[in-house]
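A.B. asks: This is a predicted model, with the sequence first.
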Amino acid sequence: DALRTLESEIRGITNERDSLAQRVRTLSAAIESLHSSQGAKDAEIKTLETRLEEVRLVHSKNVEDLQGDIDRAVTERDALTCQVKELMISQSTNERRSQNMESSIEVERLKHANTMAELQSVFD
């Protein structure tokens, strides 16, 4: 009787041990699966971070290029503004010279007309 009880308890303990061993194997597989899944997620995150950095570098280069274009355009605009001012000053100076020459020509024409009138009166 005691032997049967002991055999029964041994079977119970053995079943419990086997059950626990199976649970350990199941949980170990689940942990391994989680580690594997986490590794895949970490790799995907690293890939996404790398892509994001590549895009950031491209956009950064584009911004630098655009800033360079803007700087060149501003410099060109400033140079053209200076040229326009110089041309306006030159045009104004030429207009004054032209007016002075026209005045001088008119004075000379009047002198010539006066001289011609005097000569005409001498011969009349």
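C.D. replies: Nice, I can see it. Numbers count the residues shown, from 1 in each chain.
A.B. asks: rest of the way, CA atoms for contacts and neighbours
C.D. replies: Fine.
A.B. asks: In the protein, what residue spans correspond to strands?
C.D. replies: Counting by DSSP state E, the chain has no strands to list.
A.B. asks: so where do the helices sit in it?
C.D. replies: 2-123 (DSSP state H).
A.B. asks: which stretches of it have low pLDDT?
C.D. replies: Counting by pLDDT under 70, the chain contains no low-confidence segment.
A.B. asks: what distance separates stretch 72-88 from the middle of the whole chain?
C.D. replies: 26 Å (Cα atoms, centre = their mean, to the nearest Å).
A.B. asks: oh sorry, the question was meant for stretch 25-37
C.D. replies: 46 Å.
A.B. asks: May I see the buried residues of it?
C.D. replies: When neighbours are counted by 16 or more other Cα atoms under 10 Å, no buried residue of stretch 25-37 is found.
A.B. asks: Keeping just the C-alphas, turn it into PDB.
C.D. replies: Written as PDB, here are the backbone C-alpha positions of stretch 25-37 (Å, rounded to 0.1, in the frame of the first residue of the first chain):
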ATOM      1  CA  ARG A  25      10.800  24.600 -23.500                       C
ATOM      2  CA  THR A  26       7.700  26.500 -24.700                       C
ATOM      3  CA  LEU A  27       8.700  29.600 -22.800                       C
ATOM      4  CA  SER A  28      12.300  29.400 -24.000                       C
ATOM      5  CA  ALA A  29      11.000  29.100 -27.600                       C
ATOM      6  CA  ALA A  30       8.700  32.100 -27.000                       C
ATOM      7  CA  ILE A  31      11.700  34.100 -25.500                       C
ATOM      8  CA  GLU A  32      13.800  33.100 -28.500                       C
ATOM      9  CA  SER A  33      11.000  34.200 -30.900                       C
ATOM     10  CA  LEU A  34      10.800  37.500 -29.100                       C
ATOM     11  CA  HIS A  35      14.500  38.100 -29.300                       C
ATOM     12  CA  SER A  36      14.500  37.200 -33.000                       C
ATOM     13  CA  SER A  37      11.500  39.500 -33.500                       C
END
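A.B. asks: Appreciated, that's everything.
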